[in-house]
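> Sequence below, structure please.
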Amino acid sequence: MPGKIEGTIVAFSSDGNLVSDIPNSSLAGAPRGENVLIACDEHETIGLFEPGHGQPDMTLLALLGESGFLELTIVSDSAKIMLGVSRGTPIVVKW
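Sure thing, here's the model as predicted:
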């Protein structure tokens, strides 16, 4: 059954991750593979990842963050600086 969760970017982590208001717990039933799309502003990524994911540098990921909320990260860089997304920007998770 397809799903969709909408939220907004509410904060930035010390590493420059974009922190949403979507709790990790609300994504428990979402797939982790290529069947899930995350969109924020004009930026999109596929899949939900856990900390310690092992993905290559400069990869845009949707991360089930240690903050307890969905975060967008760029591996080894600042998503805040690289993407230019501000607080209040919508984020959507679809599967």
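
> Low-confidence stretches in this protein?
1 (pLDDT under 70).

> Which residues does the top strand by length along it contact?
In the chain, taking DSSP state E as the definition, the longest strand is strand 4-12. Residues outside strand 4-12 that contact it (C-beta atoms under 8 Å, 6 or more residues apart in numbering): 18-22, 26-27, 30, 40, 70, 72, 80, 85-95. All C-beta spots, glycine's among them, are computed from the backbone N, C-alpha and C.

> Hmm, residue 43 and residue 90 touching each other?
No: between residue 90 and residue 43 there is no contact under C-beta atoms under 8 Å: 11.5 Å.

> Which one of those two is surrounded by more residues?
Neighbours per residue (other C-beta atoms under 10 Å) separate residue 90 from residue 43, with residue 43 holding more: 18 against 13.

> If we ignore the residues flanking it in sequence, what's nearest that one?
Leaving aside its sequence neighbours, residue 43 sits nearest to residue 83 (C-beta to C-beta, 6 or more residues apart in numbering; 5.6 Å).

> I'd assumed residue 72 was in contact with the one you found.
Yes: assessed by C-beta under 8 Å, residue 83 is found in contact with residue 72 at 7.4 Å.

> what residues do those two have in common as contacts?
18, 40, 43, 60.

> what's the closest of these to residue 54?
residue 60 (15.2 Å; C-beta to C-beta).

> This protein: helices as residue ranges?
Ranges of helices within the chain are 79-83, based on DSSP state H.

> so where do the strands sit in it?
4-12, 18-23, 37-40, 43-46, 48-49, 60-64, 69-74, 90-94.
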